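1. Build the 3D model from these lines:
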Amino acid sequence: MLAGSQMRYDFTIANTSNVPLDSYYWHDRIPTDAARATVFTTGTYSARLHYRILYKTNYSGTYQVLASNLITSSSYSFSLNTIPMQAGEYVTDIYLDFGKVPVGFQSTSNPTLTVQVLGTIANGYQIINRADVGGKYQGTWQTGQASWVTVVRKLTPNPTLPKTGY
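-> Reported below is the predicted structural model:
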């Protein structure tokens with residue numbers, strides 16, 4: 001990945017357990033040390049449910065509603081950098097709240113997150129994106145986690161060498 005460029009994460013979400021889960025969620029912690037979220041697409045899912053999207057910023061300690069009463073059979077796209085925010089504020093977390101999901105609930109078209117890599121990131125820096133998913137079964141949380149590492153490269157122009165000789 002080149003410093004200053006965009007990259008996209010594609011996620012696969014699934015309840016792989018053999019029971020329905022309550023309070024089912026999917027959460028992505030954006031790697032804000034190295035990137036800023038620009039666009040989030042929800043994808044579509046195998047069961048027809050209503051859900052909501054929440055987000056958190058570096059200035060807010062609590063989640064705020066981005067959109068609610070969304071339907072899982074439709075895909076939605078959100079420009080995260082157009083959310084009204086203060087100077088220096090940016091999205092740090094995306095959280096999808098599905099409620100109760102059946103066995104086999106899964107994404108049928110994958111949700112995506114596009115980020116802009118900061119131009120100031122050093123060559124060789126490792127961007128780590130972390131996501132988790134889970135739900136409750138009989139009051140006990142069942143969760144899974146995943147992370148992705150992307151290495152930043154900075155291209156430097158070919159140096160101009162001094163002329164030697166006569």
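
2. from memory residue 38 sits against residue 5, does it?
-> No - taking contacts as Cβ atoms under 8 Å, residue 38 lies outside contact range of residue 5: 11.7 Å. Heads up, the C-betas are built off the backbone N, CA and C, glycines and all.

3. what do the two both touch?
-> residue 116 (Cβ atoms under 8 Å, 6 or more residues apart in numbering).

4. neighbour-wise, which of the two wins?
-> Shown here are residue 38 and residue 5; by other Cβ atoms under 10 Å, residue 38 has more neighbours (18 against 12).

5. sec struct for the more buried one, please.
-> strand (DSSP: H, G, I helix; E, B strand; the rest coil).

6. all strands of the chain, in order?
-> Under the criterion DSSP state E, strands of the chain are mapped to 6-10, 21-29, 35-41, 44-45, 50-57, 64-71, 77-79, 91-101, 107-109, 112-117, 126-137, 140-151.

7. just so I know, which of those lies nearest residue 163?
-> strand 140-151 (35.9 Å; Cβ to Cβ).

8. any idea how far that closest one is from the chain center?
-> 12 Å (Cα atoms, centre = their mean, to the nearest Å).

9. tilt between that strand and strand 21-29?
-> If you take axes from the mean of the first three to the mean of the last three Cα atoms, to 10 degrees, strand 140-151 sits at 20 degrees to strand 21-29.

10. Need the contact partners of strand 140-151.
-> Strand 140-151 is touched from outside by 1, 7, 9, 17, 21, 124-136, with contacts defined as Cβ under 8 Å, 6+ apart.

11. Please, a ChimeraX command that selects the buried ones among those?
-> Buried residues within the contacts of strand 140-151, by 16 or more other Cβ atoms under 10 Å, are selected in ChimeraX with:
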select :1,7,9,21,125,127,129,131,133,134,135
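
12. where in the chain is pLDDT low?
-> 1, 155-161, 165-166 (pLDDT under 70).

13. switch to 90 and redo it
-> Where the chain drops to pLDDT under 90, the residues are 1-5, 61, 81, 119-123, 152-166.

14. correct me, but residue 115 touches residue 33?
-> No - counting by Cβ under 8 Å, residue 115 sits too far from residue 33 to count as a contact (11.5 Å).

15. Which one of these two is surrounded by more residues?
-> Per other Cβ under 10 Å, whichever of residue 115 and residue 33 has more neighbours is residue 115, with 26 against 10.

16. which residues does that one bridge with?
-> residue 7, residue 37 (DSSP bridges).

17. List the contacts of it.
-> So residue 115 contacts 6, 7, 8, 9, 30, 31, 35, 36, 37, 38 (Cβ under 8 Å, 6+ apart).
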